[in-house]
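> No sequence on hand, only this structure:
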């Protein structure tokens, strides 16, 4: 995604990285929930949502605060209303629906970039986190009422939702590719197939162990090709997601299924490299910070960033991401420090941040409009 934002010609379909992220997220979250069900026979929504909040919200709120400040400092007055409208939408994790609505307005159909536009995918993920555990709880409720096998009920419930979402995405792409791209309903199946793979691993572990190491290594390389080749070659944005999204989705499923085969020529050698491991560790913070950095630097310099400066900005983004990972993500996720270790203090800090962002989003556009009106009046005089 960083390559796509910095050098679109190199990775014209870098946005497919989002699809990889959706599938992996669906697999990991479902596996986590299934392990809890196996261990306790239930799901604690409170514990699940607190863990997700610790993992996601602190760094995201820090970025939204920084973007709000940078907007006030560097963005033209004419952009304040659009920027803060999307900042507030991102704060409540409905940025994808904000963009979906804007894409239907003739004046906004082209969806000009804002520093938080990339929060649309995080919004979809958060909405998935809200709904997916409830589906597993529904399966547990059916189990207690009907007494069938939990695995069978989960296949029916999760499979039905996943299939319906995929069918809707195919219908929607024929009428409006923007809605198909941003709609949570049309994107849910990508999380769903990852979740179904986790369910398969839980209910039929032999399926994961049945094939030899060579077959799994070949599958992992084939999966990587299904991701990388489309990212580097796909051009028809109006046909995406559609059936084309199956390429990165199937590729991701193949890589997850293959795991880390113990052969000399498997992808395990690449995945195990220290730089690759480090990039994985900072990937969330890099995702959050890189786009605002790319957006605000041209506002500060007054000119589009040339190639050499873009390389430097990638370096800056990596440094900022590493600092964010160490001093924001880790503090809250590992419950370090006076704020990160106390849930009530964490909740209060997040609420204070949210209130500040919403207040700025309410007041700043009016200030900008008054300033623009004043300048226009002075120009006429």
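Looks like it came in fine. Worth saying up front: this structure is predicted, and the values here are computed from it rather than measured.

> Run through the helices of the stretch 51-200 of the chain in chain order.
Remark: helices assigned in the stretch 51-200 of the chain by DSSP state H, counting those that start in this stretch are 77-91, 95-102, 119-146, 150-173, 177-182, 184-203.

> Pick the most buried one from those helices.
helix 184-203 (a mean of 23; mean count of other C-beta atoms under 10 Å). C-betas here are computed from N, CA, C, even on glycine.

> How far does that one sit from its chain's centre?
Chain-centre distance of helix 184-203: 16 Å, with C-alpha atoms, centre = their mean, to the nearest Å.

> So which other helices or strands are in contact with that helix?
Helix 184-203 is packed against helix 17-40, helix 119-146, helix 150-173, helix 206-209, helix 246-258, with contacts defined by 3 or more C-beta pairs under 8 Å, 6 or more residues apart in numbering; DSSP states H and E.

> Lowest mean pLDDT across the ones you listed, which one is that?
In terms of mean pLDDT, the lowest-scoring of those is helix 206-209 (a mean of 69).

> Distance to residue 322 added to the helices of the stretch 51-200 of the chain, as JSON lines?
Output for the helices of the stretch 51-200 of the chain, formatted as JSON lines (distance: least, C-beta to C-beta, whole Å):
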{"stretch": "helix 77-91", "distance to residue 322": "23"}
{"stretch": "helix 95-102", "distance to residue 322": "25"}
{"stretch": "helix 119-146", "distance to residue 322": "20"}
{"stretch": "helix 150-173", "distance to residue 322": "36"}
{"stretch": "helix 177-182", "distance to residue 322": "30"}
{"stretch": "helix 184-203", "distance to residue 322": "28"}
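
> Relative to residue 269, which of these is closest?
Closest approach to residue 269 among these (C-beta to C-beta): helix 184-203, 23.5 Å.

> State the mean pLDDT of that closest one.
95.

> Stretch 62-76 too?
93.

> contacting residues around that stretch?
Residues outside stretch 62-76 that contact it (C-beta atoms under 8 Å, 6 or more residues apart in numbering) are 79-80, 83-84, 87, 90-91, 115-116, 288-289, 292, 296, 299-300, 324, 328, 353, 356-357, 360-361, 364.

> which of the residues in that stretch are buried?
Residues 62-68, 70-71, 75 are the ones in stretch 62-76 that count as buried (16 or more other C-beta atoms under 10 Å).

> these two touch, right, residue 78 and residue 112?
No. Using C-beta atoms under 8 Å, residue 78 makes no contact with residue 112, being 11.3 Å away.

> List the residues that contact residue 233.
For residue 233, the contact set (C-beta under 8 Å, 6+ apart) comprises 12-13.

> From the chain's centroid, how far away is stretch 171-190?
Centre-to-centre, stretch 171-190 and its host chain are 16 Å apart (C-alpha atoms, centre = their mean).

> Endpoint to endpoint, that stretch covers what distance?
16 Å (C-alpha to C-alpha, to the nearest Å).

> cool, stretch 166-184 as well?
Termini of stretch 166-184 sit 11 Å apart (C-alpha to C-alpha).

> thinking again about what came up before, out of the buried residues of stretch 62-76, which comes closest to residue 19?
Nearest member of these to residue 19, counting by C-beta to C-beta, is residue 63, at 22.3 Å.

> Distance of that closest one relative to residue 216?
38 Å (C-beta to C-beta, to the nearest Å).

> ditto for residue 270
Applying C-beta to C-beta, the value for residue 270 to residue 216 is 15 Å.

> and the residue nearest to residue 192 when sequence neighbours are not counted, what is it in contact with?
Nearest residue to residue 192, sequence neighbours excluded (C-beta to C-beta, 6 or more residues apart in numbering): residue 162, at 3.0 Å. Residue 162 makes contact with 188-189, 192-193, 195-196, according to C-beta under 8 Å, 6+ apart.

> how close does residue 162 get to residue 120?
Computed with C-beta to C-beta, the distance linking residue 162 and residue 120 is 21 Å.

> so what pLDDT did residue 211 get?
At residue 211, pLDDT is 68.

> do the one 5 residues further on as well
The predicted local distance difference test score for residue 216 is 87.

> Please look at it and residue 261 and confirm they touch.
Yes. At 4.2 Å, residue 216 counts as touching residue 261 under the criterion of C-beta under 8 Å.

> These two: which has the busier surroundings?
residue 216 (25 against 21; other C-beta atoms under 10 Å).

> Quickly note the distance from that one to residue 205.
For residue 216 relative to residue 205 (C-beta to C-beta), the value is 14 Å.

> Any chance of the helices and strands packed on helix 184-203 in CSV with distance to residue 11 as columns?
Shown next, in CSV, are the helices and strands packed on helix 184-203 (distance: least, C-beta to C-beta, whole Å):
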stretch, distance to residue 11
helix 17-40, 9
helix 119-146, 16
helix 150-173, 22
helix 206-209, 31
helix 246-258, 12
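
> ok, for residue 153, nearest residue in space, not its chain neighbours?
Spatially, and ignoring its direct neighbours in sequence, residue 153 is nearest to residue 139 (4.5 Å; C-beta to C-beta, 6+ apart).

> show me what contacts the one you found?
With contact set as C-beta under 8 Å, 6+ apart, residue 139 has these partners: 150, 153-154, 157-158.

> Closest to residue 96 out of those residues?
Closest to residue 96, out of all of the contacts of residue 139 and judged by C-beta to C-beta, is residue 158, at 21.7 Å.

> Any figure for the gap between that closest one and residue 114?
For residue 158 relative to residue 114 (C-beta to C-beta), the value is 34 Å.

> And the closest residue in space to residue 18 that isn't next to it in sequence, how close does it get to residue 60?
Nearest in space to residue 18, with sequence neighbours left out and distances taken as C-beta to C-beta, 6+ apart, is residue 121 at 4.7 Å. For residue 121, the distance to residue 60 equals 12 Å [C-beta to C-beta].

> Thank you, goodbye.
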